[in-house]
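**Q** any chance you could fold what I've pasted below:
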Amino acid sequence: MLIRKGLFLKFMKYSFVGCISTLIYFLSVFLFIEAIHMDPVMGSAVAFIIMTIVSFFLNVKYTFDSIITRQKAIRFMTVSAIGFLLNFILMFVIVRIFDFHYFVGELVTISIIPIVNFILNNYWTFQSNT
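**A** Have a look, this model is predicted:
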């Protein structure tokens with residue numbers, strides 16, 4: 001029971017960091033595109049990179065109470081890339097193949113990807129050495 005409670009609390013912290021990271025992403029996109037007049041694709045890409053870096057540091061310290069290492073950074077970026085690829089695949093299948101509205105795709109991706117990313121980060125990126 002204690003393990004499940006601890007895992008649940010860790011997932012709640014991870015979700016909180018995810019909300020903060022998402023806000024940073026959207027604020028960055030807005031600033032890059034509207035204030036700086038950056039190309040939307042480039043602005044979104046730069047915002048994604050900023051969001052991923054902030055998310056890494058917050059998750060290291062707050063969610064997983066860990067230390068920063070090169071291995072963890074590489075693993076975290078790998079998990080982020082997997083999430084990005086999974087998002088692309090799910091959206092492609094839902095919107096292009098099944099011909100659903102993109103909002104349906106967004107609902108599916110926000111229901112699946114955070115859980116997949118949490119599992120990978122919890123059991124691989126920030127795994128305990130004990």
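
**Q** how far out from the middle of the chain is the longest helix belonging to the chain?
**A** In the chain, assigned by DSSP state H, the helix with the most residues is helix 2-30. Taking Cα atoms, centre = their mean, to the nearest Å, one finds helix 2-30 lying 9 Å from the centre of the chain it belongs to.

**Q** what is the subsequent helix or strand relative to that helix?
**A** Using DSSP states H and E, the helix or strand that follows helix 2-30 in sequence is helix 40-58.

**Q** just to revisit the earlier point, buried set for the longest helix of the chain?
**A** Lys10, Phe11, Lys13, Tyr14, Val17, Gly18, Ser21, Ile24, Tyr25, Ser28, Val29 (16 or more other Cβ atoms under 10 Å). Bear in mind the C-beta positions are built from the backbone N, C-alpha and C, glycine included.

**Q** quick one: that helix to helix 40-58, angle?
**A** 150 degrees (axes from the mean of the first three to the mean of the last three Cα atoms, to 10 degrees).

**Q** low-confidence stretches in the protein?
**A** Applying pLDDT under 70 to the chain flags the ranges 1-3, 128-130.

**Q** what about Ser111, how many residues nearby?
**A** 10 (other Cβ atoms under 10 Å).

**Q** SS state for it?
**A** What DSSP: H, G, I helix; E, B strand; the rest coil gives for Ser111 is helix.
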